[in-house]
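**Q** sequence unknown, structure follows:
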């Protein structure tokens, strides 16, 4: 490296180090985590060594991570200290000085030259000067590409570290998105997410951009930002509510999930039940099942069927035979333990008649185990009857059976009958590249007259949705 370049790079590295200290001195691994692993900890450490000038992307991720650390730790800092525009200006000055371009009395010349090249439409000339560190040329080139609507050209320059191109690309996509261009809105949300720009995503999400809302939720979840997700969820974001529940589930946070479930979050309730099953908490699942929680009953059934939990079958007392003429009334609360053991024994015997009788008497646990038994036997008709009668666990078992068999037609029939789980499973198969599922899904959307759904899938690259004809009415 040219020795004359070293002082400028050293000074820039010292400024980054001072910023890190002002933000509370986060470790480099913490900086990496706060950048959602986009900035490796070793690269973050290299940025303040002063051996070489870091790229603009590295600088922005470093600055944003420090800002986020300060915010999470409630440090009194000036937000302007972390302004990207200011740091880009500092980076450009350091680059000029390191190349020996600073201090020359040619600022006006460079400015007029860039303007002349832009007037002539000389993209290549501007690109060459921009790549050599000419800030005026970089700005003029970005403006020209934006006027031409050249998204890919701007993206290539932005990916190469051109801050002006990145800024112009953002503005261009935002303008198109605000005009109702769905693909542009998705591209913009992806772009902001790739940069780790939670603030930009938040502004667009607050303005009603559903793609930005989803990407912001993903970004916060990747960083494990529970409080950020909680704030977004409290503001009404369904995507954030689901991501928050996912994070709590991964952390094994039973109590927080329980609280969200008690507050009416149905997705959190489902994950709460799944977490209890994962932890083998048979007693808590029994309590929920006993008060009518069908999903808890199904998870308890599955857990016991797999031999999980704290149940020792060897200690079970042989229950009284279940009558086969008239079903018993539902057992009293004090008899629930015995009732559960009787149901388990019926399941182990494969006694469909006995399980069905107890299910008809209102025993959700028996209903769930009956569905498990049908699923193990591959009894589609038995599961279908239970699912049509409103049993959610049977619906889940039936859909899983269709997916396992690759029965696209069965999934479509269920989806057209209003089974949302079947519809989502069909969509998942289509997204995974299953052509039969993609065509079946397109046919279903066309039969429904769902223009929005067809357009969404066509924009996502599903050609079957693009050409699927509307049904005759």
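**A** Nice, I can see it. On a predicted model such as this, the values are computed, not experimentally measured, just so you know. Numbers count the residues shown, from 1 in each chain.

**Q** ok, and the helix or strand in this protein with the lowest average confidence?
**A** Least confident helix or strand of the chain, by mean pLDDT, DSSP states H and E, is helix 463-467 with a mean of 44.

**Q** and residue 138, how far is that from residue 270?
**A** 51 Å (C-beta to C-beta, to the nearest Å). For the C-beta atoms, the positions are set from N, CA and C on the backbone; glycine is no exception.

**Q** Equivalent analysis for residue 151, please.
**A** Distance, residue 151 to residue 270, using C-beta to C-beta: 40 Å.

**Q** same question, residue 30
**A** 33 Å.

**Q** what's the helix or strand for residue 65?
**A** Applying DSSP states H and E as the criterion places residue 65 in helix 56-72.

**Q** Please identify the buried residues of that helix?
**A** Neighbour-count burial for helix 56-72 flags 56-70, 72 (criterion: 16 or more other C-beta atoms under 10 Å).

**Q** same deal with stretch 40-49?
**A** 41, 43-44, 46-48.

**Q** By pLDDT, give me the weakest of those.
**A** In terms of pLDDT, residue 41 ranks lowest among the buried residues of stretch 40-49, with 87.

**Q** wait, what's in contact with it?
**A** Residues near residue 41 by C-beta atoms under 8 Å, 6 or more residues apart in numbering: 27-29, 31-32.

**Q** now do residue 387
**A** Residue 387 touches 394-395, 398, 414, 419, counting by C-beta under 8 Å, 6+ apart.

**Q** how near is it to residue 177?
**A** 41 Å.

**Q** Tell me where the stretch 101-250 of the chain has helices.
**A** All helices of the stretch 101-250 of the chain, identified by DSSP state H, counting those that start in this stretch, fall at 107-120, 123-131, 135-147, 151-159, 163-178, 182-195, 198-206, 210-222, 226-234, 238-251.

**Q** Among the ones you listed, show the one with the smallest mean pLDDT.
**A** Among those, helix 107-120 scores lowest, with a mean of 79.

**Q** List the contacts of that helix.
**A** Under C-beta under 8 Å, 6+ apart, the answer for helix 107-120 is 125-126, 129, 134-137, 139-141, 143-144.

**Q** Which parts of that helix count as buried, going by neighbours?
**A** Buried, per 16+ other C-beta under 10 Å, within helix 107-120: 110-111, 113-114, 117-118.

**Q** same thing with stretch 376-391?
**A** Neighbour counts over stretch 376-391 (16+ other C-beta under 10 Å) mark 379-380, 382-384, 386-387, 391 as buried.

**Q** Narrow those to those in helices?
**A** Among these, the members found in helices (DSSP state H) are 380, 382-384, 386-387.

**Q** pLDDT wise, what is residue 367 at?
**A** In the predicted model, residue 367 carries a pLDDT score of 77.

**Q** Not including adjacent chain positions, what is the nearest residue to it?
**A** Of all residues not flanking residue 367 in the chain, residue 359 sits nearest, at 4.1 Å (C-beta to C-beta, 6 or more residues apart in numbering).

**Q** next one: residue 249
**A** residue 271 (4.4 Å).

**Q** right, and that neighbour touches residue 257 too?
**A** Yes - using C-beta atoms under 8 Å as the test, residue 271 is close enough to residue 257 to be in contact (5.9 Å).

**Q** Quick check: neighbours shared by those two?
**A** 245, 248-249.

**Q** With distance to residue 449 as new columns, can those be given to me in TSV?
**A** TSV is the format used below for the shared contacts of residue 271 and residue 257 (distance: C-beta to C-beta, whole Å):
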residue	distance to residue 449
245	33
248	39
249	37
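
**Q** and those as a markdown table, adding neighbour count and distance to residue 374?
**A** Below are the shared contacts of residue 271 and residue 257 laid out as a markdown table (neighbours: other C-beta atoms under 10 Å; distance: C-beta to C-beta, whole Å):
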| residue | neighbour count | distance to residue 374 |
| --- | --- | --- |
| 245 | 26 | 30 |
| 248 | 24 | 33 |
| 249 | 20 | 28 |
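
**Q** dump the residue contacts of the residue nearest to residue 188 when sequence neighbours are not counted.
**A** Nearest-residue entry for residue 188: residue 173, 3.9 Å, with adjacent residues in sequence omitted and distances by C-beta to C-beta, 6+ apart. Under the criterion of C-beta under 8 Å, 6+ apart, the contact list for residue 173 reads 151, 184-185, 187-188, 191.

**Q** how far away is residue 173 from residue 180?
**A** For residue 173, the distance to residue 180 - C-beta to C-beta - is 13 Å.

**Q** What of residue 409?
**A** Noted for residue 409: a distance of 36 Å to residue 180, by C-beta to C-beta.

**Q** now swap in residue 30 and tell me
**A** Separation of residue 30 from residue 180 (C-beta to C-beta): 40 Å.

**Q** Nearest to residue 441 among the contacts of residue 387?
**A** Closest approach between the contacts of residue 387 and residue 441, by C-beta to C-beta: residue 414, at 12.6 Å.

**Q** Compute the number of surrounding residues for the closest one.
**A** Other residues within reach of residue 414, judged by other C-beta atoms under 10 Å, total 24.

**Q** Residue 401 now?
**A** Neighbour count of residue 401, defined by other C-beta under 10 Å: 18.

**Q** residues contacting it?
**A** Counting by C-beta under 8 Å, 6+ apart, residue 401 makes contact with 375, 378, 380, 383, 407.

**Q** List the contacts of the second one.
**A** If a contact means C-beta under 8 Å, 6+ apart, then residue 378 has residue 401 as its contacts.
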